[in-house]
Every structure is written in structure tokens, then in C-alpha cells.
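**Q** I'll drop the sequence and a predicted model, then ask my questions.
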There are 6 protein chains.
Amino acid sequence: MPDTSEKTLKLAIPKGSLEGPTIDLLAKAGYEVYVSSRGLRPTSNDSELDLYLIRAQEVARYIDQGFIDCGITGLDWASEFDGSLVDLAELPFSRASAMPTRWVLVVPEASEIKKPEDLQGKRIATEGVAITERYLKSKGIEAEVEFSWGATEVKVPDLVDAIVDVTETGSSIKANKLRIVDTLLTSFPHFYASQSAAADPWKRQKMERLVLLLKAALEARDKVGLKMNLPADKLPALLERLPAMRRPTVSQLSEEGWVAVETVIHEKVVRDIIPTLKELGAEGIIEYPLNKIVA
Amino acid sequence: MPDTSEKTLKLAIPKGSLEGPTIDLLAKAGYEVYVSSRGLRPTSNDSELDLYLIRAQEVARYIDQGFIDCGITGLDWASEFDGSLVDLAELPFSRASAMPTRWVLVVPEASEIKKPEDLQGKRIATEGVAITERYLKSKGIEAEVEFSWGATEVKVPDLVDAIVDVTETGSSIKANKLRIVDTLLTSFPHFYASQSAAADPWKRQKMERLVLLLKAALEARDKVGLKMNLPADKLPALLERLPAMRRPTVSQLSEEGWVAVETVIHEKVVRDIIPTLKELGAEGIIEYPLNKIVA
Amino acid sequence: MPDTSEKTLKLAIPKGSLEGPTIDLLAKAGYEVYVSSRGLRPTSNDSELDLYLIRAQEVARYIDQGFIDCGITGLDWASEFDGSLVDLAELPFSRASAMPTRWVLVVPEASEIKKPEDLQGKRIATEGVAITERYLKSKGIEAEVEFSWGATEVKVPDLVDAIVDVTETGSSIKANKLRIVDTLLTSFPHFYASQSAAADPWKRQKMERLVLLLKAALEARDKVGLKMNLPADKLPALLERLPAMRRPTVSQLSEEGWVAVETVIHEKVVRDIIPTLKELGAEGIIEYPLNKIVA
Amino acid sequence: MPDTSEKTLKLAIPKGSLEGPTIDLLAKAGYEVYVSSRGLRPTSNDSELDLYLIRAQEVARYIDQGFIDCGITGLDWASEFDGSLVDLAELPFSRASAMPTRWVLVVPEASEIKKPEDLQGKRIATEGVAITERYLKSKGIEAEVEFSWGATEVKVPDLVDAIVDVTETGSSIKANKLRIVDTLLTSFPHFYASQSAAADPWKRQKMERLVLLLKAALEARDKVGLKMNLPADKLPALLERLPAMRRPTVSQLSEEGWVAVETVIHEKVVRDIIPTLKELGAEGIIEYPLNKIVA
Amino acid sequence: MPDTSEKTLKLAIPKGSLEGPTIDLLAKAGYEVYVSSRGLRPTSNDSELDLYLIRAQEVARYIDQGFIDCGITGLDWASEFDGSLVDLAELPFSRASAMPTRWVLVVPEASEIKKPEDLQGKRIATEGVAITERYLKSKGIEAEVEFSWGATEVKVPDLVDAIVDVTETGSSIKANKLRIVDTLLTSFPHFYASQSAAADPWKRQKMERLVLLLKAALEARDKVGLKMNLPADKLPALLERLPAMRRPTVSQLSEEGWVAVETVIHEKVVRDIIPTLKELGAEGIIEYPLNKIVA
Amino acid sequence: MPDTSEKTLKLAIPKGSLEGPTIDLLAKAGYEVYVSSRGLRPTSNDSELDLYLIRAQEVARYIDQGFIDCGITGLDWASEFDGSLVDLAELPFSRASAMPTRWVLVVPEASEIKKPEDLQGKRIATEGVAITERYLKSKGIEAEVEFSWGATEVKVPDLVDAIVDVTETGSSIKANKLRIVDTLLTSFPHFYASQSAAADPWKRQKMERLVLLLKAALEARDKVGLKMNLPADKLPALLERLPAMRRPTVSQLSEEGWVAVETVIHEKVVRDIIPTLKELGAEGIIEYPLNKIVA
């Protein structure tokens, strides 16, 4: 058996708007990450991890070149880069909301561009040149695409005819008096590995455990634990009327004729079922927070 | 059965010092509210809610005029306004502490005004003109009340003889070298509805569910879950000596002669009962946080 | 029995870098502390506590002089002061990490000082004069020690030959191109009492309860609750293969042949055992946060 | 001759958005004002001034009631209040730009209200109830005007049909997708005195000196000093071609045939005349800043 | 003569680290620029200017494409772009100091790369791909150059062998324990125009006036006015001993035998000449600030 | 003549509350100081200066020990230290106002300590132990003085009977409900040199030049230039009635019978003399700012 005591996994965390949410998610999964204010490399409470803070746009490149083993970055930026990575998992979190990042084709509200085809012969500015060119090609449209260093939304209509930009909620688009013509791509972060890291048994197992815990933390994010005491004879009615409460843990109480029912449930569902629970005679209903759920 | 799929409830959130606590409370109740930094209307994770951010002073007026269905605002501001609202619930939370807002009659430490009657013929500045005039009338005192646009506490004694102002802890009053003469009103936020919203079955049910969940979140605020293993024969002694632990959930453990005891209890009580629990032989005592409690 | 209804315990909270972590820990223990922005004395939700915010360096002095009954401060600052306090407990928390504060002897990377003995005849600046002089004496080294009012790390090599300074992670030492020669002391906060407070039965009991709850909160800091359903016949295998799960609470489920297993476990261990749990057939594995653990 | 050594003038500074600019202007006029962060009364480097920080809306009221002698506040808020003040000077400064505050009648971009008359029978929210009612009366329009506690711009169209609000540049109106229907009032700050202060010789002189210096500072704001050496025979051509340089100070230089020309001029004019100055043979042209100008 | 009353000049201001200094310089030149916090286009006090805020990297591109007439950006970014602009002036200002931006080839302190030639076959990350490739070509070195999205300094040595990055003072390079191998380019901002704008008489004149005033403001930046009274017979000695005071303005004073001497001088020189001035009998020496100097 | 080209003067800038004002003053004197955010040594635009940022309390010690040549620090801290420095100049500036720092003996408002003698046998906390002990000795009072690490004002009356603390305006003392019993010391910053630096001709000259320029900048702080045109025959009346305008520079204007009068004057005086100037027929009165004045 090989000595793995000094093995480390080189993991990239995406610098920028995903940085905070990624570090929060790692913490919920049990990995505390400490970021230095002096630009040194991040450290963590897992000595087997060797952490790098790399711009989301560059994570895929450095994994592909083999400088790091794996990393978290958006599907969008990975697809912007033309390499061959192993996609171990989609991690459905994002910057501010629970919605994926959308790459949208945007024009001024008053623009004559109403549909993608109207772009023929026009000029488009974007940070995602490859994403945009792939989209245009798939539609058979010819247009000039130029790389934009940022603040893309103020370029229309003075400097370009349209832009392809990122949005989560669409609110800044509305505030800038712009209009969405089409969605090119929706994207959540993924966990990517290099071919060679995926082929190394120790690294593979380490990455799979990381992915399992990250998913367990994501799974727990919008769910809660729900616990109550119920007359034992109401249990069938409960399960019939509330399919959301599938597979509860039921245990005997000391008090004759009562059971304790406990389950994991989406927090939004709690809003709807509490009246029914009370109707069925449930007592002492409490809701408590969760850290992780392994399905 | 009417189609309710497009129904919405217009709910006002009080802008100002109660705004943050109200949004936090809604979140604990399961309603995530997103406030735009650009002054647009708030949105939430419940598509049936149509949210408005309205100054606490104006919530009652716009409900009464029928522009919104319901809202959360202080009893003080609702009583300042002279309309006919339906009061669905008191929600005992506040800005910084768990104490209600107090409207107090305040004078400089050195003032000759020692009791309310000394106000006869004096001038009072306040943001709560109606509250103050109602108070004076009930006491049979005649004094001049003028509307103050804020920073009321610096007006005595140069500009007016006394002020009626809001306080939670009294600490800023002490720091300004002022003295409280009387308390006019104590006030928690309430959930108010318009007459017509309260008469609409769908809106009524929606509001009652909201109120139920808000109260469940408030109920959980200062309480915790407490769990321990106990020799089964100590259970009567536990219940006798610790009345605070009324109605615990007791379940059988695999280990012969032991039961698991679980209850919900005020966090402050935990400080006092742990020594007794240990004395009775309890083991593995853990305390965990709660999100909601439905009594 | 004496009337204790008006008794209070005078407790010092260390002002400075430990202030926030100490107040957070008290909150987790059930004692909410409110710090005034106007420099007034802190208040709390326990009317039997009389709180003082005192510089960590001075807590021991004022306890020893009898002006306050007890307080929390670092072992380092208490040992800097030469009095006779009662040490009721070590509380292993710190500013930013879970590591103790280290007092280290530091020189520039390029210094010729390689070992403590090289200090003979040199000049050392430090905030901890007594700590440093005790250390030098124990080593039989003679060197000049001068009190430094702060920013000690920029004094080498221009103004002094070496410094004795505080570090948690060592990162600012590296960033300043300094080198650690030796560690003089590692220090966690302790709970200290005066001789007379420790001899007063009411104060003694009050302090012991405080210490019990502070320790219970610290104990819960890195631990979590773990709960799962398991085929009853896999229970022995579980306990054999996962010694970390010693003494779980096991209760019968309604479903034949299944038990609910619940335990408290170090969060870092969760990372390692989940694959084994799944292998043994565990279902519905959830992890939840804890507030306090009384062993 | 009366002893004036202990006389003081009670002067109100407007609290709120005009506070900073007013204090800056006083500083330029030679009066340093120190505002306490603890809510105490401001102090200054003129012991004859007794300063009050009072909401812009209330300055006129407290002057009229005789509690303070004089103050600076907007013409708008003074006209909102129905008293009889002495208007000593208009002081043309404002919050962010050099433009006066405008009170504008605003509706949503898509509103059917196109001209003031369309307001007949509608509801208007505003902080300036008197300004709005006076305007409506002058136009013979009947509409409901309600006092708004702030954030007025988000009330249309949900809660009211139109608003009357304050703007300097109109940019926030555009950003909120609103449209200006009419301008009710443009307003600069004025220096107001009470009838009795204006009749007191000492106070009158003190106020007139203050006004003189405030105006001198305002006059210097956009002007600069311009100085150059010029062949003496080009002086007539200079004065003819550059009327903006009226009344320069001309002095003899030691060098035969050259004069030094110095003048005060609007900074914006400098942009236009420098080419002409060079053409006329001016040398060593320098521009320098001014503090005050007394015409 | 064509009507120029509606003519405007489209001018780009560089967004990013040069933005503040550029706007400050324009203000000193007499052009107040107002930047909207809502991302709208900047406005100014010159209605003939049409302002754009464009990333420094993109200014040259949009001038060359003819979308804007002219703009201010670094020589470095203009040379990164391969177009044909008209260079109207170098404007020697920068971000934080008065030193030009330097593009430097940087490696870790411990790297084996000691001279540019050691880069043969290595990998270099940089935001300035064209600058770097041109440099390598001129040296006959073949190396791989990859575009870096930022935080370039943390990439060596883990991800690349060397970086080409921007520095003003070199202090962050030292702090990151890096070493400068060579300087590729030093760069101040320039004022660039498009070919067509430079050929338009009105635009040409407008731009030349702008450049004249910008240079006058830069000229005044480190200079001051110096004024003194001097015995007339000491004037020759003054001019002989202090060549820095060349061409002073000398005027007769009323007092017999005295002249007033006034000059413009570099502020740093003032430090050195004051003792000499006093020795020569100068009195009432004052130094005053300048806004603009037209040589 | 020795080669001084590589000579440097080691100058200490006081770290802490005097740091900003000291750096501002140096800038006005012509020495731009750049402070690194990474704790490195400050640099300046004078390569002959070697700058150190040292706590105000320690400046005197390190000058006396000969590690630095000279420095700026308060008279208070220098007198706290018992060495033999050369005092080259008092520099009358301070933190926030133009008033000196005062060390005051302070007690709670309600304390029975009314005069210094009441301190006999009491306990005093202070950061200035030597200042306090010297004061007590001079008064023949015996009291216990203990070193306080800060936040001294909250220690009375709980922990000590009185404190000796620093104040500029006395406002925080009033806000803390304390009372000043006596003033021990008023203190402005001084420029101190070591004996050996004062004896080195090059260093001596360098320091004297620095002091000359610092004083010139301080002198200009509250003064302004005032310039006007005046009928020549009113000159005697001007000088007689306005002694503050002593020694103006008077020069002939081209216009017959008029002179230009220019002087340097305290800004506060401007407030008083402008009416007189106008009365005498002065025209075109302008006030402009100054950088330095060498008397």
C-alpha cells in the first residue's frame, strides 16, 4: 500500500464573484478555508488540500495544463475554454440567488434588433467570445464579436450594436433600459478534474468524497428538519395527505398511543403543510436547521 | 372553485428601522425577501406576495385607502393614523432588543417639569402628534404640540419645553442628559389588514398562514431544543423537579432502562437546570437551535 | 438562608482583539451581552452579572485588587501580572482560529541570531516585558528588554535586535520577512477569580455555572449532531467500525427491523465516515448544528 | 455705548443634505464650524455665534417663533412655512452642483397625465404640502395632496397618481423611469432673520457682515486670479478684444516696455481666452485660486 | 462659415485606476466632470464635450473604429492595440505618484531566470500580450505568452515561469517576494485622436485647446508662486545666485529702494533657496498655490 | 569639504493620532511622505530623509538612544521620557483643532474630589505615569499612580478614584459625565534632535531647514493673502485705521492716483476689516490662500 500521508490534491477556488459563495459552501461541507489578505495562497483545515485562488475564467485552463488537479468554476467559463476536462459534478449554487447564471444577448430597449437573426452583420461586445461565436455559428449568423474588458452594458448602442453578458436576476438589465433578445447558455458551477487526476486512485477518491460532501451541504441548504408528536392512528392519514413527508422516521413515545414523527422537508413546503398537520392532531411541531443531507 | 393561480396579496414591509428585523423575521418564517438597491419593489420566493416597502408611518394609511391589502407596522404608527384596520396579530419583535418601543415624555435632567401636569401651557415637539395629543387630552392637560421632523432629542430645552420620543433601552436618553417623565405608549409591530382584504376568503387564508408562520418563527427565537439520555426510573423525578420541561417527548432507547428525553425550552432556563439534570443522571445533554415552533 | 436576590457578580470581558470572540462565546452559552457605542458599561440578559470591559492586559490586576470578582483574559497577560488569582478554567478559543496565541522570539530573516543564546547582550522590544524577562532568566541569558507600545514588528532591525510578539498563525511574521527563533509561551484565555470571590459560596456557584455553560458552548463549537436510520442488525458492525460513534442514542422505529441512530461527533470526522455509513446501509443521514454539549 | 462683549447671535445651520455644503461655505467665509458626533450643539471659531443644527424644514419656524435669531435654509422650506421672516440674502449654492433645487411635478413615464390640468381629481404625495397646494390653487386645479414621509419617488403609480419632489439634476428621476410634468418652484438657500433680530442694531450688523463674507466666498467659488506679463503697447488691444478682462490691475515692471496685468475672471472663461492672450504676446500666464471676492 | 453651435467632441476617459486622476486633472484644467453612480454617461460643464467612460485597454480601439473622436489612455494600452491614432500629447501624470507606469518582467526571488534570455522556452502570463510578444521578438526569444485576467502576481512560480505586469513604485513586487528582470516599457497617459477627428478643423482646434489647458494644469501641479520684497540693489545678486528664479516679475514698491519680486518655481526648489533669500535681505516671503501655468 | 551626497537624516514621524496631521504639515512644507499599507518604512520626495514611523510615546527614547537623529512628537511624551534631547522648535499644531493637547486630572462629576489636594491617598490611572508623578510631587501629594493601557475614561469611579488623560476640546469628558479638577500640562508637538545629530554640521543644517519650512507652513495655515486697489491718497488712512495691515506691499498702478495694496493677514481679521476697506474706497478686494510664510 503506497504511502499517501504526504499526498495533496491541488484544488482551485474561483476568484471573483463566486469566491465567497464557494468558500461558504466548502465551510458547510466541513472544509474551512482561510483567505489571506496579503495575496498568499489560501489554507484550510484539511492538510491534504493544496488551495489556489484563480480567476473563474482561468480555472479550466490551468486544470487542463495540469498545474492543478481540480477546481470549481462555472460551466460557462469552462466551455469558453477549449480543453478536455472531467466533469465530476454540477453544484447548483450561485452568487446571490439560487438561480443559474444566464448568458443573454442584450440590446437597448429601443433597438431594431428583435430576434437573433437581426444580428447579421452587426457588432457584439462580450467577455465570453467563444460562447458567443459558438452560438452565432449554430444559428448560421455572421457578426463581429469583440472581447470586452468589462462594463459591457454601457457600450450599447454607442460603441456596439449588441452585447452578450451575464445576469442572474435580470434586474440590472432592466435598470439599464436594455432588452434581452435570447439566452445563449445557463450555467451553474461544476467540479472539474484533469484527466490525470481523475485517473489517480487516491486523488479520485479524495475528489469524490469532496463532491459527496459539497452535494450534501447543497442538499441541506433549502431543507429543514421537522419533528412532531402524533396520535399513532393518524399516521396513515398523514402519509396519504402529505406525500411531501415521504419516509419519515417514526418512533414510539412512552405515552401510549402517540408516536414521534421526524422528517426532512423543503422549507417552502413547511408553509403549506402546517395547517394540515394541526388538523390531524399533531402537537409540539418544531422545525430545525440542517447542515448536510446524504440522500 | 375560483381560479386563484394569479391571486396575489399586497403586503407592506415597514421601511426604516424596522425594515431589517421584519425581513429577517420573514426569512425565518420561510419567506426570503430581496430588496433592490435601485429602489425597485422588493421581490420574494413566494409568487403570491406582492411586496411594498413603505415608511412605517404610512403603512396604515395605504392599507386603509385600499392600495395594499395588509402590512406590518408598529401599533404606535397605526394609532397615529385614524382609520379602521383589522388587527390580525401582535408580533413581539423590535429593532435591537426584545423590548417594545416606548413613547416617552422627556425633559432635560434639570427641568422643572416633574410630572405630566407640569406640561400645562408648555410646548412639546414630537413625530407622533396624534399619540401626544390623545395622551394630553386623556390627562386634561392643555399644551402646544408641534410636529418634529427628527433629531427631536436636541430640541430641549432651547426650542421646546419637552419632547415625546421613541426609545427601546433608554440609553440614548441618558446619554443626552434627559429625564423620562412618563410613558405614553408601548408598542410592538402588528400585522394589519384592510377591511376588504380581511373579508376576501383567499386573502384571509393567505394572511392567516403568514401570521401563523411569523408567530412560529418568533416563538422559536429564544427557545432551543434540549435532548438527553436518562435512566427511565428518573423520569418522574425529572418532571417533578423541572416544571419547565413540561410535555417532553420520551422515547425508548435500545439500551435497557434508559430513555431519550427531548423538549423545547427557553434558552435562559437552560442556564439554571443543567446542574439538576446532571444530578438526576442525565447523559449526553445537547442543546440545538430551532427555526420554528407551532405550539 | 441569605437573601441573594440582589447579589451580583462583577465580571470582566477583555477589551481588544478577544472582545468579539468572548462576547460571541457568552452568547452561545446563553448570556447576551450588549456593548454600548458610547463607552458605557456593557449590559446583559442576566441581571446578576455586573459587566466591565477592561483591556486584556489589565483584567488580572483589577481582579487581584478586588475591584472585580472575576474575568476572562489570556494566560499570557495574567502571567505578565504578578498576583494570586484563582484559575477556574482554561477556555480554548482565540481571535481568528482555534489555535492558541503564541508569544514568539522573532528576528529578521537575515539576522545572525539563530538560537536564544545569541541574544546575550542584545536589545529586545516587547509588550510582554515580564514574560520575556522570565524566559531570559530561565535560560540564563542577559539582554535588555524594553516596553513597546505596539507595532513592534517594524522595529527590527533598525531599533532593536529582536522582538517578542504575539502570533496565531505566523502569517504576518512571514509577510514581514521575519524569522521565529523560539516560542516562549502558548496561551488560551482562562476564567480567573479573585481569592475572595472564590471563597464566597454564592459567587463561587455562579461562576461555576458560568464556566460549565462556557465549556458546553466551546464543546459544541466543532461538533455536530448526526442522525440516520439503520437496519437493526447492522448496529454492531457500525459500532465496531466507527469507534468515533461511541455511545449513540439508538431508538426503535415503527418499521420492523430498523433503528434510528443519533450521535454527537466532531465535524471533521463526518468527512471520513459517511462512505462507511452508506456501505452499512444507513439511510436518511442528516447532520445538524449544536449549541451546547454537556458531556 | 452698550457692552456687546457677551452678545451672541443664534444662527441655525440646516441639518440634512445642505448641512455639509453650508458648513463648507461658512469655512470659506472664515467661520470654522465643528459638529459634534454626539449630538451636542455645533461650535465655531467665532465666540459671538451660538449655533444650532436644525432640520431645513424647521429653520423658518424656529426663527419665526423667536428661539433663534437667524438661519440658512432653502427658499422652498421657508415658503412651506407661513410666517414673516426677513430675507437678508439669496445664497446661490446647493448640494452637489451649482444648480438650484427644483420642486417638480412627476408622473410615471407611461402616465396619461401630460399637463398640470390632468391632475384634476387625482392624488399627489409630497413632502412639500404647502408648496403643492399653493401651486394647485394658482392653477385652479383641485387634487388631493398628502404628506409623504420620504421615498416619495417609489409611490407612483401604485399608491398615488403623481408626486411633487425635489431634484437638482433630474438624473434620479430618469433612472426611476419617471417624467417631469411641470416645475413648481426653483429654490436656493437664503439667509433669514427674525423681525426682532433684524431690528436689533448689533445683531443686524453682525448678520450683514456674515452675509457679506458668505457672498464673498460664493463669488470666489467659480472665479480665479489670472496674472501675466504683457508688452505695454498691447494693453489697449487686450482690453478691446477681451471684455471679460475688464478693470485689470496693471502695474509697471522694471523691464522697460512691459506691464504686469492681473485680473479676476470666471474659470470657464480662461478656457477661451488663453489662445488670444498668447497671440497678443502675453508671457508667464498663471492662474491661481481665490478664497473671497468683495466686488 | 459652418454652424458649430451644435458640434460636440466625443472624448473617452479611461475607466479604472486612471479614472480618478484623469477627472482630477480635467477639473484643474477647468472641465468639471460628473460621473453617475448609475452607470450613465458622464456629463461636464462644457456642453461641447460628449463624454464616455471606457476601459483604458479599449480606448484606442474605439477611437480607431471612429466611435469616439479622442481620448486619454496610457501609451502602453494604445501600443497593445494595433491601430493608427494621432498622438496629440503626452500627459505626464499617473495613479498614485508622479512616476510613469512601468511594464516589468518579473520572476520569483529564487527563480533561476536572471536575464531576459533565460526565458527561452518558458511560459509567461500577462495582461499585455502584444507588449510582451513585441518585446520577446525584439530580443529574439521564443516563449509562450498567455493572457491573464488579473492577479497575475500570484501565478509565479506555480502556474507560469514569469509574468509581465504593471508597477509604479515596485513596492507590491517586493512585498510578494518577486524580482524584476527587465523593464519592457515605461508609459504615461497620452491624448489620442482619430485620423478623421484630427482632420476636422473644429475638432482639431477644440482638442488643441483641451491639450493646452491640460498641460497648463500639469505644469502647475508641482510649481508654486513665490513673492517677496527685496532691496532694489540686491536684485542682480538674486538673479545671479538663484538661476532657478529666472525671469521674475519685478515691480516698483512705493517705499523707496524696494522692489516686489514674484516668480513661479518648482516647490522642491523652495526648500533650498529660502536661506539664500533671507541672506539677501528678502522680506515678507510668501508661497502660494497655482492652478495653471501657460509657459 | 566632505562628501555629503550620501548623507541621510533619520527622522521619526509619530504613529497614531498625530500621524496624519504631521504628514499633512510635512506636505505643506514641501516634503511629500508616502506611507506603505504593508508596514514598510515611509518614503518621501527628499532622498536625504530616512523616515521612521514610531509611536509618539517612543520617539524620544529612540532619539536619545541614537537610533534616529530627530523626530516630531508631543512635549508631553518627550517629558514622560527622562533623557537629554535638543529641542529645536515648538510646532503649534494638533490632531483636530488648533489647540494644544491638555493633560487633565479628571474625576466623575459627582466625585468628592474637588481640588488636587483631595487626591491624597487615592488611586489614579493614566498613560502618562511620569507626568502624573512629577505633578503630584510638585504639589506634595501622595497618591498611587498606575499605568493604564487605554480606555482610561471608563475606569472612574469603579476601578480608580481619578484619571489623568488627554483632551483637546474637553467634549468627550463632558459626554462621559466627568469633571476636570486641574490641568497638569499643555503640550504641542516639538521637533527634537539627539545631542550627536545636533552637533553634526550637515545634520544640523538639514534639520534647521526642515524646521524653517515647517514653521513657514504653520505660519501660513491661518493666514491669507489680501489684495486690493486703493486711491493713493487713502493709503495713510488705511494704515492708521487698520494696524493689522502693517507693512503692506504697495505698488503703482497704471491708472493715475491708484495703488495696489497687498498684505498677509490672519483670516479671522478679514471678517472685521472688510467694511472699513470698502468705506475707504478699496475696490477689487480679493483674498487668496497661502502655502508658506517666511517672516
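**A** That came through, no problem.
**Q** Ignoring the adjacent residues along the chain, who's closest to A:G66?
**A** Among residues not flanking A:G66 along the chain, A:S194 sits closest, at 5.8 Å (CB to CB, 6 or more residues apart in numbering or on different chains). In short, each C-beta sits where N, CA and C put it, glycine included.
**Q** I'd like to know how far that neighbour sits from chain C.
**A** The spacing between A:S194 and chain C, counted by CB to the nearest CB, to the nearest Å, is 23 Å.
**Q** confidence score at that residue?
**A** Looking at A:S194, its pLDDT reads 96.
**Q** check contacts around it.
**A** A:63-64, A:66, A:68-70, A:85-86 (CB atoms under 8 Å, 6 or more residues apart in numbering or on different chains).
**Q** Going by residue numbers, what spans are helices in the stretch 101-250 of chain A?
**A** Secondary structure of the stretch 101-250 of chain A, counting by DSSP state H, counting those that start in this stretch: helices at A:129-139, A:171-175, A:195-199, A:201-221, A:235-241.
**Q** Throw those helices into CSV and include distance to chain E and mean neighbour count, thanks.
**A** Formatted as CSV, these follow (distance: least, CB to the nearest CB, whole Å; neighbours: other CB atoms under 10 Å in any protein chain shown):
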stretch, distance to chain E, mean neighbour count
helix A:129-139, 11, 17
helix A:171-175, 8, 17
helix A:195-199, 16, 15
helix A:201-221, 17, 19
helix A:235-241, 51, 14
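**Q** what would the ones you listed look like in JSON lines with distance to B:V145?
**A** Listed next are the helices of the stretch 101-250 of chain A as JSON lines, based on distance: least, CB to CB, whole Å:
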{"stretch": "helix A:129-139", "distance to B:V145": "65"}
{"stretch": "helix A:171-175", "distance to B:V145": "43"}
{"stretch": "helix A:195-199", "distance to B:V145": "75"}
{"stretch": "helix A:201-221", "distance to B:V145": "52"}
{"stretch": "helix A:235-241", "distance to B:V145": "57"}
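**Q** To A:I13, which of the ones you listed lies closest?
**A** helix A:201-221 (12.1 Å; CB to CB).
**Q** which strands and helices sit next to that closest one?
**A** Contact analysis of helix A:201-221 by 3 or more CB pairs under 8 Å, 6 or more residues apart in numbering or on different chains; DSSP states H and E lists strand A:9-15, helix A:19-28, strand A:86-90, strand A:189-193, helix A:195-199, strand A:292-294, helix C:267-279, strand C:283-289 as its packing neighbours.
**Q** Relative to the third one, what are the paired strands and their orientations?
**A** In its sheet, strand A:86-90 lies beside strand A:189-193 (antiparallel), with partners assigned from DSSP bridges.
**Q** Please spell out which residues along the partner strand are buried.
**A** Residues of strand A:189-193 classed as buried by neighbour count (16 or more other CB atoms under 10 Å in any protein chain shown): A:189-193.
**Q** what do you get for stretch A:272-291?
**A** Using 16+ other CB under 10 Å as the burial criterion, the residues of stretch A:272-291 that qualify are A:273-274, A:277, A:280, A:282, A:284-288, A:290-291.
**Q** what two of the residues you listed are the furthest from one another?
**A** Longest span within the buried residues of stretch A:272-291, CB to CB: A:L280 and A:N291, 29.2 Å.
**Q** do the helix or strand of chain A with the lowest mean pLDDT and chain D meet?
**A** In chain A, no helix or strand scores lower on mean pLDDT, DSSP states H and E than helix A:171-175, which sits at a mean of 73. Yes: residues of helix A:171-175 contacting chain D under CB under 8 Å from any CB of the partner chain: A:A175.
**Q** can you give me how far that helix is from the chain middle?
**A** Computed by CA atoms, centre = their mean, to the nearest Å, the chain-centroid distance of helix A:171-175 equals 22 Å.
**Q** Could I have the CA atoms of that helix written out in PDB?
**A** C-alpha atoms of helix A:171-175 as PDB (Å, rounded to 0.1, in the frame of the first residue of the first chain):
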ATOM      1  CA  SER A 171     -32.700  43.400 -12.700                       C
ATOM      2  CA  SER A 172     -29.600  45.300 -13.800                       C
ATOM      3  CA  ILE A 173     -30.600  44.800 -17.400                       C
ATOM      4  CA  LYS A 174     -34.000  46.400 -16.700                       C
ATOM      5  CA  ALA A 175     -32.400  49.200 -14.800                       C
END
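**Q** quick one on the thing from earlier: please tabulate the helices and strands packed on helix A:201-221 in JSON lines, including the columns distance to F:E117.
**A** Output for the helices and strands packed on helix A:201-221, formatted as JSON lines (distance: least, CB to CB, whole Å):
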{"stretch": "strand A:9-15", "distance to F:E117": "66"}
{"stretch": "helix A:19-28", "distance to F:E117": "61"}
{"stretch": "strand A:86-90", "distance to F:E117": "79"}
{"stretch": "strand A:189-193", "distance to F:E117": "74"}
{"stretch": "helix A:195-199", "distance to F:E117": "81"}
{"stretch": "strand A:292-294", "distance to F:E117": "70"}
{"stretch": "helix C:267-279", "distance to F:E117": "63"}
{"stretch": "strand C:283-289", "distance to F:E117": "61"}
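**Q** comparing these, which gets the lowest mean pLDDT score?
**A** helix C:267-279 (a mean of 86).
**Q** Next one: whichever residue of the stretch 101-250 of chain A sits closest to chain F from chain C, what distance?
**A** Nearest to chain F in the stretch 101-250 of chain A, going by CB to the nearest CB, is A:G150, at a distance of 24.9 Å. Counting by CB to the nearest CB, the gap from A:G150 to chain C is 30 Å.
**Q** Now that residue. Its backbone dihedrals?
**A** The phi/psi pair for A:G150 (degrees, to the nearest 10) reads phi 130, psi 170.
**Q** and if you look at A:A60?
**A** Here A:A60 shows phi and psi, under degrees, to the nearest 10, equal to phi -60, psi -40.
**Q** where in the stretch 51-200 of chain A is pLDDT low?
**A** For the stretch 51-200 of chain A, the stretches with pLDDT under 70 are A:96-98, A:169, A:171.
**Q** Tell me the residues of chain A that contact chain B?
**A** Counting by CB under 8 Å from any CB, the residues of chain A near chain B are A:97, A:169, A:171, A:174-175, A:224, A:229, A:251-255, A:260, A:267-268, A:270-271, A:274-275, A:277-278, A:284-289.
**Q** Show me which residues of chain A sit near chain D.
**A** Residues of chain A lying near chain D (CB under 8 Å from any CB): A:A175.
**Q** what's around A:D87, how many residues?
**A** If you count neighbours by other CB atoms under 10 Å in any protein chain shown, A:D87 ends up with 12.
**Q** I'd say it and A:Q195 touch.
**A** No: using CB atoms under 8 Å as the test, A:D87 is too far from A:Q195 to be in contact (11.7 Å).
**Q** now A:S172, nearest residue through space, not along the chain?
**A** A:E153 (7.0 Å).
**Q** Show the backbone phi and psi for the residue nearest to A:G66.
**A** phi -80, psi 160.
**Q** Is A:E90 bridged to anything, and to what?
**A** With DSSP bridges as the criterion, A:E90 is bridged to A:H190.
**Q** neighbours of it, just the number please.
**A** 15.
**Q** if I look at it, how far off is chain F?
**A** From A:E90 to chain F the distance is 40 Å (CB to the nearest CB).
**Q** who's in contact with that residue?
**A** With the criterion set at CB under 8 Å, 6+ apart, A:E90 makes contact with A:75, A:188-190.
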